[in-house]
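1. fold the following and give me the result.
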Amino acid sequence: MKKLVWIDIGTHFAQEHESIFSSNLIFYSFIIRRFISSKLFKRGKFVTLKGLKEIISSRHKLKKNAQDFYSIFVEANSEIARKMKFYPKADLFFNLALTNNLSQSPSITKLYLGDGNALSQGSSIFLEKHNVNKNNFVAAFGVSTNDFFKELELYLSNQFSDYAVIIRLNCEGVEDDVIYSAHKYFGSKLQLICGSLKDVKGVKGPEALQRLEGFISENGLVFAKFYAPIYTWLEGHQAILGLLRKLD
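-> Numbering: from 1, shown residues only. Modelled structure (predicted):
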């Protein structure tokens, strides 16, 4: 079977990767915390009992095939990277910010902190993001998406005789550049895109999101919602399961 390369852009706390590959202790502890937060404190949306059973079932099926995955984490915030003990679980880890292709590359860029929080999942290289300001930032090593995916494709093609690519992304406004560049260099190897695209609209406007959605449709790319909230997990799991079955 082909190797499934999971490229996670904007890994943050890796909830999506952990929803499949973590230990049962970590997984069920997370589920319990989310349940309590949703039901007792009314923070966030949970899932139905049926949905939870399906998530557990899909997790079990995917985890049995863990040997077929090759995981690459890309996280811009060094503060998060230093604290996350599970980052070594990735086969490759890059502590860098992916930038658009109009930016100088490589560069030292400003990562503006979401709500001024050093560990925020909403930090962005774009001041247009609603929850950032110019006075709260950390330095990050910036590489354009074209440069990154060009080099990554060369590396992976030397590592594996055959592989397929899953992009899992939630990178606070650079999602469109990631998808355009990943498709440019991986071509038909790019089999699945998971994550959230809403920040493209928030940072670059509705026209940018429309162009991206048109690009995804025109190129026959598969997109599934799969980000931190648990109610997106089943859609992501099922899309990845479908790809596994297709490649088997």
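2. who does the lowest-mean-pLDDT helix or strand in the chain touch, helix- and strand-wise?
-> Ranked by mean pLDDT, DSSP states H and E, the helix or strand of the chain with the weakest confidence is helix 78-83, at a mean of 85. Under the contact criterion of 3 or more C-beta pairs under 8 Å, 6 or more residues apart in numbering; DSSP states H and E, helix 78-83 touches strand 137-144. C-betas here are computed from N, CA, C, even on glycine.
3. hmm, what's the outermost residue in this protein?
-> In terms of distance from the mean C-alpha position of the chain, Leu40 ranks first, at 28.9 Å (C-alpha atoms, centre = their mean).
4. tell me the centre residue of the chain?
-> Leu169 (2.7 Å).
5. quick check: that one touching Trp6?
-> No: using C-beta atoms under 8 Å, Leu169 is not in contact with Trp6, being 11.1 Å away.
6. so what sits against both of those two?
-> Taking C-beta atoms under 8 Å, 6 or more residues apart in numbering as the contact rule, Leu169 and Trp6 touch no residue in common.
7. number of residues surrounding Lys129?
-> 18 (other C-beta atoms under 10 Å).
8. before we move on, what SS does it have?
-> Under DSSP: H, G, I helix; E, B strand; the rest coil, the three-state class of Lys129 is coil.
9. quickly note the distance from it to Leu234.
-> Using C-beta to C-beta, to the nearest Å, we find Lys129 at a distance of 28 Å from Leu234.
10. could you do His12 as well?
-> 20 Å.
11. bridged to Arg168, which residues?
-> The bridge-partner assignment for Arg168, based on DSSP bridges, gives Asp8, Cys194.
12. contacting residues for it?
-> Here Arg168 is in contact with 6-9, 16-17, 194-195, 226, 236 (C-beta under 8 Å, 6+ apart).
13. over to Phe226?
-> Each residue near Phe226 by C-beta under 8 Å, 6+ apart is listed here: 16, 168, 194-195, 232-233, 235-237, 239.
14. for those, which two are the farthest from each other?
-> The largest separation in the contacts of Phe226, counting by C-beta to C-beta, is between Gly195 and His237 at 13.5 Å.
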